[in-house]
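Colleague: Compute the structure for the input listed below.
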Amino acid sequence: MHAHTQIQPELLGLIAIDGRVMRLFDVDRLCGRNAVPAGGGFAVVLRGGERPEALRLRTVDTVTELENARLKAPPEAGPFVTAITRGRVAVLDVPAILETLRSKKEE
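Modeller: Numbering: from 1, shown residues only. Down below sits the predicted model:
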């Protein structure tokens, strides 16, 4: 009997960065939106889990660390956005994203 493997629509495939192979997920699909068109976007590596994962984003203006972001995100921002700055920058909950990816892997 063969085990049925459920294909994750947000999983785009595997990529290699600096000699490490990791899974590439589409952040728009994770958030319930339409995926980035094929061949477009940027890959951002998330570190901090048991192994790195990568997210494909439509655009990236800059990546920065914020200290003590006390801003709240509106509910419609999605489950992975913890805050939105005055400059309309979304602060992502990377541990929540990694946990979601890990739990989807186990399904």
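Colleague: where does Pro79 fall, helix, sheet strand or coil?
Modeller: coil (DSSP: H, G, I helix; E, B strand; the rest coil).
Colleague: how near is the nearest residue to it once chain neighbours are set aside to Arg20?
Modeller: Spatial nearest neighbour of Pro79, excluding adjacent residues (Cβ to Cβ, 6 or more residues apart in numbering): Ala96 at 7.0 Å. C-beta coordinates here come from the backbone N, C-alpha and C atoms, glycine included. The gap separating Ala96 from Arg20 is 23 Å, by Cβ to Cβ, to the nearest Å.
Colleague: ditto for Leu101
Modeller: In this structure, Leu101 and Arg20 are 16 Å apart, going by Cβ to Cβ.
Colleague: Comparing these two, which residue is more hemmed in?
Modeller: When Leu101 and Arg20 are compared for neighbours, Leu101 comes out ahead with 19 against 11, by other Cβ atoms under 10 Å.
Colleague: so how far is the helix or strand hosting the residue nearest to Pro79 from its chain's centroid?
Modeller: In this structure, Ala96 sits in helix 94-106 according to DSSP states H and E. Put simply, helix 94-106 sits 9 Å off its chain's centre (Cα atoms, centre = their mean, to the nearest Å).
Colleague: please renumber so the chain begins at 627
Modeller: Fine by me, first position is 627 from now on; the one you just mentioned is helix 720-732.
Colleague: Run a quick neighbour tally on Ala661.
Modeller: That count, for Ala661 with other Cβ under 10 Å as the rule, works out to 17.
Colleague: Does it touch Phe651 like I think?
Modeller: No: using Cβ atoms under 8 Å, Ala661 makes no contact with Phe651, being 10.3 Å away.
Colleague: Check which helices and strands the helix or strand of the chain with the lowest mean pLDDT is in contact with.
Modeller: Every helix and strand in the chain was compared by mean pLDDT, DSSP states H and E; the lowest is helix 720-732, with a mean of 75. With contacts taken as 3 or more Cβ pairs under 8 Å, 6 or more residues apart in numbering; DSSP states H and E, helix 720-732 sits against strand 668-672, strand 679-683.
Colleague: Cheers, nothing more for now.
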